[in-house]
Structure formats: structure tokens, C-alpha cells
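Visitor: Structural data only, the sequence is not supplied:
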């Protein structure tokens, strides 16, 4: 691992960490980065209302120690708050999702209102959009392919589809649902086409090319 600190949170930031992972990191199942930008690293166990169970299952340790146990966390440096990532050990790939609401409805409402108030683009940051499956994945390792959006589609009903360069032209592909803000945080260069009208399609030849309207 590089000597340069790879994550935006401080090395001494507290992490809620499954106790079993200290002895066996291979039991890693998923992580959550909550709305306060704090990490939860799990072996598959969920945090519950039973505090005795929680104390038995989880402990707190500095982020530097969590990273030492789970080096693959470094690949999630760009993960926005409010997202989760399931770990696929065979493919060594993180599978991303937008986190559902927590048990604290009032706090969730505050976070939603703050996100909407700070959103500088058309639409709502909370809108559910579709992305090609590769855009909801972060492979780990030096051979990981670059990830970028090739095409942005505004459907007739105003919903969004973002297609990555991993999808060949005119080929069917699987999609995943993410919140619009999370897509923009992961792929900031799509922000310039968020003013697209329904039935418009924007495309580009490579990740460094300008967007061009090809339909609508």
C-alpha cells in the first residue's frame, strides 16, 4: 500500500468494525459510509436495536487500523456519503448501492433536506436513476479498468440512464439503481448534461472528449 494516505477521512477517525474481521478479513461482506461520512465495516452482520448484541459483534477502531485489516477499503476513496458497497471476493470488486433510510426518521429527513438545499443542478439529488452495471462497481487492484460514463439518456418521462464505456454500442446490458447525487459525485463530468430535456441523448467518443447531443 502506498505511504500516502488514500482516504479523505482522518486516519484516526472511528470506524464501527465487525470483531470477526480482525481475525479473519476474508469474512468481509459489506461496508456502509453513512451520511456523516463515517464507516461501518461488516462481516454480514447488521447493526440492531439490541445493544448487547452490537457490543458482541462490533467494536470501534481507528480508520488506519481498519484499512490495515481491509486494504481494499482504499479503492472506495471516492465513495460519497450515504452509499454502501458489497464485497465480491471472487472478482475483487465492490458493488455499490445507495443506502436506504436508517431507523432515525427525523435525522434522515434533516439529511434529505440538506442535500436538496445544497443541490446545484436540475432535478433532485434523491432521484433514483439507472446506471449500467459496471458504473456501480469499483474493481480493486492495479489492473482495474478505468470507469467513465459514455452516454447519458433522458427518457420521455424525465428519468435518467447513464451508460459506461464498458458497454459496447448496441448491446443489451444490465442496470443498477443509484441516487442522482451519488452518480454525480462518482462521475462529476456528467453534471454538464443534467440540463438535458426529455428524449435527449448525449454521447462522447472517449472519457476526455466533449459531450455531444446525438438525439433529441
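Guide: Yep, that arrived. Model, not experiment: these values are computed from the prediction. Numbers count the residues shown, from 1 in each chain.

Visitor: give me every residue that touches residue 194.
Guide: Taking C-beta atoms under 8 Å, 6 or more residues apart in numbering, we find residue 194 in contact with 121, 122, 123, 184. Placement of C-beta: from N, CA and C, glycine included.

Visitor: Same check on residue 87?
Guide: Residues near residue 87 by C-beta under 8 Å, 6+ apart: 28, 29, 30, 31, 72, 94, 95.

Visitor: and the closest residue to the first one other than its chain neighbours, what element?
Guide: Leaving out its chain neighbours, the residue that sits closest to residue 28 by C-beta to C-beta, 6 or more residues apart in numbering is residue 87, at 4.9 Å. With elements delineated by DSSP states H and E, residue 87 resides in strand 83-88, which encompasses its position.

Visitor: Show me what secondary structure element comes after that strand.
Guide: By DSSP H and E, the next helix or strand past strand 83-88 is strand 93-98.

Visitor: Name the residues that touch that next one?
Guide: Under C-beta under 8 Å, 6+ apart, the answer for strand 93-98 is 72, 75-76, 79, 82-88, 128, 136-140, 176-179, 182, 186.

Visitor: buried ones in the lowest-mean-pLDDT helix or strand in the chain?
Guide: For the chain, the helix or strand with the lowest mean confidence is helix 105-118, at a mean of 88 (criterion: mean pLDDT, DSSP states H and E). Using 16 or more other C-beta atoms under 10 Å as the test for burial, helix 105-118 gives 111, 112, 115.

Visitor: Pull the contacting residues for the first one.
Guide: Read it as residue 111. Contacts for residue 111 were tallied using C-beta under 8 Å, 6+ apart; they are 35, 82.

Visitor: where's the residue nearest to residue 28 relative to residue 67, distance?
Guide: Distance, residue 87 to residue 67, using C-beta to C-beta, to the nearest Å: 14 Å.

Visitor: Pull the contacting residues for residue 45.
Guide: Residue 45 sits in contact with 18, 57, 58, where contact means C-beta under 8 Å, 6+ apart.

Visitor: what about 10 Å?
Guide: The neighbourhood of residue 45, defined by C-beta atoms under 10 Å, 6 or more residues apart in numbering, consists of 18, 19, 20, 27, 29, 30, 53, 54, 56, 57, 58.

Visitor: just residue 25 next, same as before
Guide: 18, 41, 43, 68, 69, 70, 71, 72.

Visitor: related to what we said a few turns ago, next, check the contacts of residue 45 against the helices and list the overlap.
Guide: 19, 20, 53, 54, 56, 57 (DSSP state H).

Visitor: quick revisit: mind listing the strands the strand holding residue 87 pairs with, and their directions?
Guide: Sheet partners assigned to strand 83-88 using DSSP bridges are listed as strand 30-33 (antiparallel), strand 93-98 (antiparallel).
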